[in-house]
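Visitor: This is the structure alone, sequence omitted:
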């Protein structure tokens, strides 16, 4: 059910689509960072910052899905 709601929101809601695309971009960058054997201090800071941003986006998308599902 959540997946269907997410797909509908992605197609119909530009804010949701923007959040979703930003979330995916952050995930891609985090995957790139995790492929490094060693992270510099700036990369470690970037990783923490990206994780926080990604969580914020996920929470906002979940709020939107909850409203749509009810």
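Guide: Arrived safely. Keep in mind that this is a model prediction, so the values were computed, not measured.

Visitor: In the protein, which residue is most central in space?
Guide: Compute the mean C-alpha point of the chain, and by C-alpha atoms, centre = their mean the closest residue is residue 23, 2.3 Å away.

Visitor: what's the closest non-adjacent residue to it?
Guide: Counting by C-beta to C-beta, 6 or more residues apart in numbering, residue 57 is the residue found nearest to residue 23 once chain neighbours are left out, at 4.4 Å. C-betas here are computed from N, CA, C, even on glycine.

Visitor: What number of residues are in the vicinity of the one you found?
Guide: The tally of other residues near residue 57 (other C-beta atoms under 10 Å) stands at 20.

Visitor: what sits against it?
Guide: By C-beta atoms under 8 Å, 6 or more residues apart in numbering, the residues touching residue 57 are 19, 22-23, 26.

Visitor: possible to save those as a markdown table with secondary structure, distance to residue 45 and pLDDT?
Guide: Formatted as a markdown table, those follow (DSSP: H, G, I helix; E, B strand; the rest coil; distance: C-beta to C-beta, whole Å; pLDDT from 0 to 100):
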| residue | secondary structure | distance to residue 45 | pLDDT |
| --- | --- | --- | --- |
| 19 | helix | 23 | 98 |
| 22 | helix | 19 | 98 |
| 23 | helix | 20 | 98 |
| 26 | helix | 15 | 98 |
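
Visitor: Let me have those in TSV, extended by distance to residue 6.
Guide: Below are the contacts of residue 57 laid out as TSV (distance: C-beta to C-beta, whole Å):
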residue	distance to residue 6
19	11
22	14
23	11
26	17
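
Visitor: Isn't the residue nearest to the centre of the chain up against residue 59?
Guide: No. Counting by C-beta atoms under 8 Å, residue 23 does not reach residue 59; the two are 10.5 Å apart.
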